[in-house]
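Student: turn this into a structure:
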Amino acid sequence: NSSYQLSSVPLQILFYINGIYYIFYFLATLAMIVYKSEVFSYPDDFLAPDLALLFVMAILEVLRLYLGSKGNLTEEEAPLGLSLVMTVGSVILSVYFLVWQTYVLKADVILNALLLFTYGLESLLKVVAIAAFVS
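Tutor: Coordinates of the predicted model:
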């Protein structure tokens, strides 16, 4: 065994930042959904799915960040790869909140654009880390 550290410090920092940002994202998006349901004529049959998708996204995010962090720290490509696959689901949900939710406010656009940027950066660093672990 080599004594080189293969785990990525920038990736670990990004996982931490993403975790903090996602808490803010979740609370802000939840508050905006509540706001929109009060201010706009939010169809009842759209309110529940929007809320449900936000909670599904939160669960996915916790698992994604946990697996990514664990895989990076233990230098195992399997959890990191699974986290990378789960990022696809997170991206799709973020795009939903960016484009397809019932009402999209400018704040939604900013929050989701930032989230998608961090997903992209994180995915790039995951691929680099996985390549380092495999080689």
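Student: so, low pLDDT: which residues of the chain?
Tutor: 1-3 (pLDDT under 70).
Student: burial measure for residue 28, as a count.
Tutor: 14 (other CB atoms under 10 Å). Where C-beta positions appear, they are placed from N, C-alpha and C, glycine not excepted.
Student: need the three-state assignment for it.
Tutor: helix (DSSP: H, G, I helix; E, B strand; the rest coil).
Student: residues contacting it?
Tutor: By CB atoms under 8 Å, 6 or more residues apart in numbering, the residues touching residue 28 are 107, 111.
Student: tell me the contacts of residue 34?
Tutor: By CB under 8 Å, 6+ apart, residue 34 has no neighbours at all.
Student: report the buried residues of the helix or strand hosting it.
Tutor: Element membership of residue 34 [criterion: DSSP states H and E] is helix 9-39. The neighbour-count check on helix 9-39 (16 or more other CB atoms under 10 Å) flags 11-12, 14-15, 18, 22, 25-26, 29, 32-33, 36-37 as buried.
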